[in-house]
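Predicted structure and sequence below. I'll ask about it afterward.
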Amino acid sequence: MNRPLYINDFSLHCILGSDKALVFEKLSKGERGNFTSYDVAGVMRPAATIDPESLPPVSDKKFDNRVNRLSQASLENIDATVRKAVGLFGPNRVGLFLGSCDNGSEASVAALRCFKETGAFPEGYVLDYQLADYPAKFIAERFGITGMTSVHSTACASSASAFVSARNNLYAGNCDVAIVGGVDIASLSVILGFASLEAMSDRPTNPFSANRSGLTLGDASVFFVVTREPCAELCTPECGGLKVVGFGESADADHITAPRADGEGAYQAMKAALVDAGIEASQIGYVNLHGTGTELNDAMESRAVNRLFGEANHEDVPVSSTKALTGHTLGAAGALEVAFCCLALLSRDGENNCTLPVHLFDGVVDPGLPPVHLVKIGEKTNNLKYCMSNSFAFGGCNVSLIIENGLV
């Protein structure tokens, strides 16, 4: 039996901005923001980082770091909806489900540098910055939420995993409404980590190209207010009809960092999402790929996508990776790309055509990959009802989500 999550409101903040209409315009035109360059062992590495000076400080100093400033920038756009949810259901019936990977390494590295140079940590620094639940504690305190809190750190699938957890707990009766999403920053420590894996490119990522050379990291915070039933008192006008209807997970555990080469884990997650939603692959009108631009990810994902939709005689389903525009936002990526699917579903014109997020790359298709239909600038599709969003993480943690516009 299908158990959807009804989307009442959502917000986002990434290198493309926080205004949803402007963000989607950039997604459809292939306009990326200004990337910052970091010197990593003499090689300049770009990252889609948001200028810290553009993020106002958090008033409660114990929570004032770049991660929480980024969360605050997104939360301000759904502040009224969250407070209404707390008032309607009570603070103990609001659940918080968050995906995040880098909870405070930037602050801790700076504090350790200060300690090494001066013999003391900087004033106000607390080790709490490094705790996995620190971003969730900030959100809970901001809104007075006392219900259950669950923080997921399953690498690149973290906030997609948070959606699964939110659905399970809402239907188990552990909460009545949930704030679900993710936040992450491209800190220097994370950039150095991926560079050590030889997974980072020295230019903005070039997914599914024969010339792809690795990923590019980015900052983002994304939050949704969801319920297990429609809630007219809570749902904003733009979100009427939006819901997450398919949840698919797999854990192939093939390698600690590399994806399984044949794409079996990714295929199983996508297949499970379709079964959970009760629909066929032929009904999917758009897929937001995980699409990191690494040699291994793009190879396995193209195999999995080609196999899934080839079985349904639907090989021409439009797909794109939006990470060339936003960077790979790690723990926030799953939620960010669900938001992009929502924006595509809402982009309907007078002739019932929806604009799709473009696949930005150099146009040199890798002949060694199974063919997929990569979205071109300005491409539209008619009567878009279902989108699929893929998140495939370290350790073979694979999550695929299906989003529906129920008004179509």
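Cool, the structure landed.

Show the pLDDT at the closest residue to Ala107 other than its chain neighbours.
Closest residue in space to Ala107, ignoring its immediate chain neighbours: Tyr129 at 4.4 Å, by CB to CB, 6 or more residues apart in numbering. Where C-beta positions appear, they are placed from N, C-alpha and C, glycine not excepted. Here, the pLDDT recorded for Tyr129 equals 75.

Tell me how far Tyr129 lies from Gly95.
Using CB to CB, to the nearest Å, we find Tyr129 at a distance of 24 Å from Gly95.

do the same with Phe143
In terms of CB to CB, Phe143 sits 12 Å off from Gly95.

For those two, work out which one has more neighbours and name it.
Remark: of Phe143 and Gly95, Gly95 carries more neighbours, 23 against 17, as counted by other CB atoms under 10 Å.

where does the stretch 51-200 of the chain dip in pLDDT?
Residue ranges of the stretch 51-200 of the chain with pLDDT under 70: 103-104.

Common neighbours of Phe143 and Gly95, please.
Ile179 (CB atoms under 8 Å, 6 or more residues apart in numbering).

who does the lengthiest helix in the chain touch, helix- and strand-wise?
The longest helix of the chain (DSSP state H) is helix 295-311. Counting contacts by 3 or more CB pairs under 8 Å, 6 or more residues apart in numbering; DSSP states H and E, helix 295-311 is packed against helix 264-277, strand 386-393.

Does anything pack onto the first one? Which helices or strands?
The one in question is helix 264-277. strand 242-251, helix 295-311, strand 386-393, strand 397-405.

give me that answer again for 10 Å
If you count contacts as 3 or more CB pairs under 10 Å, 6 or more residues apart in numbering; DSSP states H and E, helix 264-277 packs onto helix 158-171, strand 242-251, helix 295-311, strand 386-393, strand 397-405.

can you give me the offset of the next helix or strand after that helix from its chain's centre?
Going down the chain from helix 264-277, the next helix or strand is strand 286-288, by DSSP states H and E. On the basis of CA atoms, centre = their mean, to the nearest Å, strand 286-288 is displaced by 13 Å from the centre of the chain it belongs to.

Parallel or antiparallel, which strands does strand 286-288 pair with?
strand 318-320 (parallel), strand 386-393 (parallel) (DSSP bridges).

closest to Phe340 out of these?
Phe340 lies closest, by CB to CB, to one member of the strands paired with strand 286-288: strand 386-393, at 7.8 Å.

Show me how this structure divides into domains.
In terms of domains, the chain is parsed into 5-238, 241-405 (source: automatic domain parsing).

Out of the ones you listed, which is the most enclosed?
domain 241-405 (a mean of 22; mean count of other CB atoms under 10 Å).

so how far is it from its chain's centroid?
For domain 241-405, the distance to the chain centre is 12 Å (CA atoms, centre = their mean).

so the nearest residue to Gly327 once chain neighbours are set aside bridges to which residues?
Of all residues not flanking Gly327 in the chain, Gly218 sits nearest, at 2.2 Å (CB to CB, 6+ apart). When bridges are called by DSSP bridges, Gly218 pairs up with Ala48.

residue contacts, Gly218?
By CB atoms under 10 Å, 6 or more residues apart in numbering, Gly218 lies in contact with 14-16, 32-33, 35-36, 46-50, 184-186, 205, 323, 325-330, 332-333, 336.

at 6 Å what do you get?
Gly218 makes contacts with 15, 48, 186, 326-327, 329, as judged by CB atoms under 6 Å, 6 or more residues apart in numbering.

Break down this structure into its helices, ranges please.
According to DSSP H, the helices that the chain contains are 20-29, 66-75, 79-89, 105-118, 134-143, 158-171, 188-196, 264-277, 295-311, 323-326, 333-345.

For the shortest one, enumerate the helices and strands it packs against.
Taking 3 or more CB pairs under 6 Å, 6 or more residues apart in numbering; DSSP states H and E as the contact definition, helix 323-326 has no neighbouring helices or strands.

Now tell me what touches the longest helix of the chain from outside.
207-208, 258-259, 261, 263, 266-267, 270, 281, 289-290, 315, 317, 369-370, 372.

how about the CA coordinates for it, as PDB?
Only the C-alpha atoms of helix 295-311 are listed here, as PDB (Å, rounded to 0.1, in the frame of the first residue of the first chain):
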ATOM      1  CA  GLU A 295      34.500   8.100 -13.900                       C
ATOM      2  CA  LEU A 296      32.800   5.300 -11.900                       C
ATOM      3  CA  ASN A 297      29.500   6.900 -10.800                       C
ATOM      4  CA  ASP A 298      28.500   8.000 -14.300                       C
ATOM      5  CA  ALA A 299      29.300   4.700 -15.800                       C
ATOM      6  CA  MET A 300      27.300   2.600 -13.300                       C
ATOM      7  CA  GLU A 301      24.400   5.100 -13.200                       C
ATOM      8  CA  SER A 302      24.000   5.100 -17.000                       C
ATOM      9  CA  ARG A 303      23.900   1.300 -17.000                       C
ATOM     10  CA  ALA A 304      21.300   1.200 -14.200                       C
ATOM     11  CA  VAL A 305      19.100   3.900 -15.900                       C
ATOM     12  CA  ASN A 306      19.400   2.400 -19.300                       C
ATOM     13  CA  ARG A 307      18.500  -1.000 -17.900                       C
ATOM     14  CA  LEU A 308      15.500   0.200 -15.900                       C
ATOM     15  CA  PHE A 309      13.900   2.200 -18.600                       C
ATOM     16  CA  GLY A 310      15.000  -0.100 -21.400                       C
ATOM     17  CA  GLU A 311      13.000  -2.900 -19.800                       C
END
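
all numbers from here: first residue = 11
From this message on, residue numbering opens at 11, which makes the last subject helix 305-321.

now the angle between strand 396-403 and it, please.
Taking axes from the mean of the first three to the mean of the last three CA atoms, to 10 degrees, one finds helix 305-321 and strand 396-403 inclined to each other by 150 degrees.

what angle do helix 305-321 and helix 274-287 make?
Going by the same axes, to 10 degrees, helix 305-321 makes 40 degrees with helix 274-287.

tell me the mean pLDDT over helix 305-321?
For helix 305-321, the mean pLDDT works out to 94.

I'd like the distance from Leu394 to Val327, if you could.
Using CB to CB, Leu394 is found at 11 Å from Val327.

One more: Leu244?
Look at Leu244 and Val327: by CB to CB, they are 33 Å apart.

just Leu252 next, same as before
To Val327, Leu252 is 20 Å away according to CB to CB.

Good, we can wrap up now.
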